[in-house]
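Undergrad: no letters, just coordinates:
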């Protein structure tokens, strides 16, 4: 009888963990950013955003900065030798980690770009553009 009680408790705890994991997964998947109104996945800007790779990802396993759902042109400031980008989702400036800065792929229009998903995925400082 003790074994049956133990097995029932174990199965119940396992089921609860599985349900919590499924709920967390659904929140993560459905909580991603939506593309801006009028988004065209074939536009030059969308293609540019998809070309951005996280600079701190391993060279043999490049990780995308995502796309126009997560990347936006941004107002920036440079203070005390650090970049800060304005993130619309939180309506504030965030400090850009040095390991997230992409120096070799400037935005074609010269705009600064921040890719944000609750934290900075990538940042392109303003440049000369095309």
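TA: Received it, and whenever you're ready, just let me know what you need. Computed from a predicted model, the values in this text were never measured in an experiment.

Undergrad: find the centremost residue of this protein, please.
TA: The centre of the chain sits closest to residue 117, judged by C-alpha atoms, centre = their mean, with a distance of 3.4 Å.

Undergrad: do you know how far the nearest residue to that residue once chain neighbours are set aside is from residue 119?
TA: Nearest residue to residue 117 in three dimensions, chain neighbours excluded: residue 70, at 5.2 Å (C-beta to C-beta, 6 or more residues apart in numbering). Bear in mind the C-beta positions are built from the backbone N, C-alpha and C, glycine included. In this view, residue 70 and residue 119 are 11 Å apart by C-beta to C-beta, to the nearest Å.

Undergrad: and these two? Which one has more around it.
TA: The residue with more neighbours, out of residue 70 and residue 119, is residue 70; 22 against 10, by other C-beta atoms under 10 Å.

Undergrad: my read: that one touches residue 121, true?
TA: Yes: with contact defined as C-beta atoms under 8 Å, residue 70 counts as touching residue 121 (6.3 Å).

Undergrad: got the domain ranges for this structure?
TA: 1-31, 44-124 (automatic domain parsing).

Undergrad: and the last one, how far apart are its ends?
TA: It refers to domain 44-124. 16 Å (C-alpha to C-alpha, to the nearest Å).

Undergrad: for it, the averaged confidence score.
TA: For domain 44-124, mean pLDDT rounds to 91.

Undergrad: give the contact list for residue 99.
TA: Listed by C-beta atoms under 8 Å, 6 or more residues apart in numbering, the contact set of residue 99 reads 55, 56.

Undergrad: and if we set it to 6 Å?
TA: Taking C-beta atoms under 6 Å, 6 or more residues apart in numbering, we find residue 99 in contact with residue 56.

Undergrad: backbone dihedrals for it, please?
TA: phi -70, psi 0 (degrees, to the nearest 10).

Undergrad: please shift the residue numbers so they start at 49 in all later answers.
TA: Shifting the count to begin at 49 puts that one at residue 147.

Undergrad: residue 89 versus that one, what's the distance?
TA: 28 Å.

Undergrad: that older thread, from residue 129, how far off is the residue nearest to the centre of the chain?
TA: Counting by C-beta to C-beta, the gap from residue 165 to residue 129 is 26 Å.
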